[in-house]
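Asks: Below are the sequence and a predicted model for it; my questions follow.
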Amino acid sequence: MAPRNVDGSGKKVYNKGAWTSEEDRKLTEYIDVHGPKKWKTIATKSGLNRCGKSCRLRWLNYLRPNIKRGNISNDEEDLILRLHKLLGNRWSLIAGRLPGRTDNEIKNYWNSHLSKKISFEKEKTTASSATREGTSQEVTGIVEAEREGAKESGGPEGNFDVNQFFDFSAEGTYGLEWVNKFLEIDDDMWLSKKRYCIS
DNA sequence: AAGGGCTCCAACCGCCAGCGA
DNA sequence: GTCGCTGGCGGTTGGAGCCCT
């Protein structure tokens, strides 16, 4: 007998689009018993007509325990901004430093909120630098230099070696000591820029 | 009230790296 | 060495809901 959900060419056709509560329940139940590994097996054995990738994404971004949803606090936003400055669009790394947040959520938040905010700040800085020569040129210069460094090195921090700086293998889950380490290094430049933007 | 535009977010897609056969 | 499979990642899209006129 031909398997169900197979198209004319014999290729399996998976469900797509929004997940139903029934699908969520099946996936959660299966993972509760067998754990979140071997996504292809999970997809087939759980009785979901979904591909493994889709199951993984649904679990990681929505069903996983301890997920925080919405209401990104000012502290978290600040941290995202700073991590993005440091790491660029490495959403999974950034998410790994924000307990309960997913890379997808941070990416969405960045694209819908922060990227606009950044361009707004940039415009503001450009506009004010036109009227305030001198010290403002200094700050703009720093920002521009950083951007150039990011372009050339493929990362936002010039010669900064992210992999060397973050020894992820040695860390516990969501350890925040590294943040303090980074913040100490970064604070002077960040605060000087922030003060300038506020004033 | 309606409908057009905009925003936000869940989900998909394509690429790449790692790993085992 | 290489091939195929799988998982992980970032970029992008589609649609639901909101807002404005």
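Replies: In hand now; what should we look at? Note that this is a predicted model, so its numbers are computed, not measured.
Asks: what sits against A:Lys37?
Replies: By Cβ atoms under 8 Å, 6 or more residues apart in numbering, the contact set of A:Lys37 is empty. Placement of C-beta: from N, CA and C, glycine included.
Asks: do you know how far it is from DNA strand C?
Replies: Using Cβ to the nearest atom of the strand, to the nearest Å, A:Lys37 is found at 6 Å from DNA strand C.
Asks: Now do the SS call for that residue.
Replies: coil (DSSP: H, G, I helix; E, B strand; the rest coil).
Asks: cool, A:Tyr109 as well?
Replies: Assigned with three-state DSSP, A:Tyr109 falls in the helix class.
Asks: Over to A:Lys53?
Replies: Under three-state DSSP, A:Lys53 comes out as helix.
Asks: isn't it right up against A:Trp39?
Replies: Yes. In this structure A:Lys53 lies within contact range of A:Trp39 using Cβ atoms under 8 Å: 6.9 Å.
Asks: more crowded one of the two?
Replies: Taking other Cβ atoms under 10 Å, A:Lys53 and A:Trp39 do not tie; A:Trp39 has more neighbours (17 against 12).
Asks: Excluding residues flanking it in the chain, which one is nearest that one?
Replies: A:Gly52 (3.4 Å; Cβ to Cβ, 6 or more residues apart in numbering).
Asks: Which residues of chain A lie near DNA strand C?
Replies: A:37-41, A:52-53, A:56, A:89-93, A:103-104, A:107-108, A:111 (Cβ under 7 Å from any atom of the strand).
Asks: Just the buried ones out of those residues, please.
Replies: Neighbour counting with 16 or more other Cβ atoms under 10 Å marks A:Trp39, A:Gly52, A:Arg56, A:Arg90, A:Trp91, A:Leu93, A:Asp103 as buried within the residues of chain A next to DNA strand C.
Asks: Give me the subset of those lying in helices.
Replies: Residues of those located in helices (DSSP state H): A:Trp39, A:Gly52, A:Arg56, A:Trp91, A:Leu93, A:Asp103.
Asks: So which helix or strand of chain A has the lowest pLDDT on average?
Replies: helix A:135-153 (a mean of 39; mean pLDDT, DSSP states H and E).
Asks: Which stretches in chain A count as helices?
Replies: Going by DSSP H, chain A shows helices at A:21-34, A:39-45, A:52-58, A:74-87, A:91-96, A:103-109, A:115-131, A:135-153, A:162-165, A:177-198.
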